[in-house]
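In: need a 3D model of the sequence below.
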Amino acid sequence: MTIAAAAYPLDWFEDWAGYAAKVTAWVAEAAGQGAQLLVFPEYGAMELASLGGAEVAGDLEAALVHVAGLRADMETLFAGLAAEHGLHILAPSGPVIDGTKRVNRASLFGPGGLIGHQDKAIMTRFEREIWHVDAGEGLVLFETALGKIGVTICYDSEFPLLARALAEAGAEIILAPSCTDTLAGFNRVRIGAMARALENQCVTVQAPTVGEALWCPAVDENCGTAAIFAPPDGVWPESGIVAEGAPDSPGWTFATVDLDRVAQSRTAGTVLPYKHWSEQSEAAQIIRIASENPAQP
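Out: Modelled structure (predicted):
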């Protein structure tokens, strides 16, 4: 399977046609390179706030509501592109107003249309204290013709039990769309994605937003590098990095992976962290305290 991970800039648009043209060109470029699974970043949908004008885009609440209002049109666009090119696309995530909740939702499309959604499970301080975006409920395992796919959106990648649950449900590849405004934030997600690949002996994919969008305070500064990771063992690269792009540079990063190697790693790896995971709880039940004796004068 050939994967394309986007390092995606957020642009200003005067009309829907401009947005559709950009997305169509990005998908066509990846399809032309033979990609079968395209991964767009967290909050990539926020560039749609520009269609509401400067005042809307510049207001946290108005921007959220405006982008949520364009969700149906965005899903129609990505469903059409997935069908046209015969590939799978994790579309840019964005706000969705679901009853009394406002969630951060990423949707996966295949050639046959929408496969399903994953809402972000654990919210950052900005989302919960300032922007008032709510946590979603539960996790989704996407069973596709390409393989079994899980999604951990940005901050979710820093919590190992989420990816573990997806792996135990069958996930062979975990997608980690991200949106971070500092190098430290980007590295937290990157390190989390690499650790999840190591623990679960699977493939993980990070797709970040990059560059400035100063007209939209929710996503005004963006920092990241697109990459595809695997466990650093046996049939995979010793670094655990299958492919990575240049820092903060817009474009696709491609990698071709054989998901049969995930099963191979889990049964015949040099180490077997996926198989041995449960041994942690037994070891952690007993904690002894060894105190240092005061130094004698």
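
In: list phi and psi for residue 244.
Out: Torsion angles at residue 244 (phi, psi; degrees, to the nearest 10) stand at phi -150, psi 150.

In: how near is residue 151 to residue 119?
Out: Distance from residue 151 to residue 119, counting by C-beta to C-beta, to the nearest Å: 9 Å. From N, CA and C alone the C-beta is placed, and that goes for glycine too.

In: where do the contact lists of those two overlap?
Out: Jointly contacting residue 151 and residue 119 under the rule C-beta atoms under 8 Å, 6 or more residues apart in numbering are residue 106.

In: how close does residue 110 sit to residue 144?
Out: Residue 110 sits 6 Å away from residue 144, going by C-beta to C-beta.

In: sorry, that was for residue 263
Out: 17 Å.

In: which of the two has more neighbours?
Out: Comparing residue 263 with residue 144 by other C-beta atoms under 10 Å, the one with more neighbours is residue 144, at 18 against 12.

In: quick one: the strands in this protein?
Out: Under the criterion DSSP state E, the chain contains strands at 2-9, 37-39, 88-90, 94-98, 101-110, 113-119, 142-143, 148-151, 173-178, 203-212, 221-222, 227-229, 241-244, 251-256.

In: so for residue 158, which of those strands sits nearest?
Out: Residue 158 lies closest to strand 173-178 among the strands of the chain, at 9.9 Å (C-beta to C-beta).

In: what strands flank that closest one, and is each parallel or antiparallel?
Out: According to DSSP bridges, strand 173-178 forms sheet pairs with strand 148-151 (parallel), strand 203-212 (parallel).

In: tell me the contacts of residue 142?
Out: By C-beta under 8 Å, 6+ apart, the residues touching residue 142 are 108, 115-116, 148-151.

In: again, but for residue 244
Out: Contact analysis of residue 244 by C-beta under 8 Å, 6+ apart lists 225-228, 253.

In: just say which of the strands of the chain is most tucked in.
Out: Of all those, strand 173-178 has the most neighbours on average by mean count of other C-beta atoms under 10 Å, namely a mean of 29.

In: and that strand, how far from the chain's centre?
Out: Between the centre of strand 173-178 and the centre of its chain there are 3 Å (C-alpha atoms, centre = their mean, to the nearest Å).

In: cool, and stretch 197-210?
Out: The answer for stretch 197-210 is 8 Å, by C-alpha atoms, centre = their mean.

In: and the average pLDDT for it is what?
Out: Averaged across stretch 197-210, pLDDT comes to 98.

In: mind putting the contacts of residue 142 into JSON lines with pLDDT?
Out: Shown next, in JSON lines, are those (pLDDT from 0 to 100):
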{"residue": "108", "pLDDT": "98"}
{"residue": "115", "pLDDT": "98"}
{"residue": "116", "pLDDT": "98"}
{"residue": "148", "pLDDT": "98"}
{"residue": "149", "pLDDT": "98"}
{"residue": "150", "pLDDT": "98"}
{"residue": "151", "pLDDT": "98"}
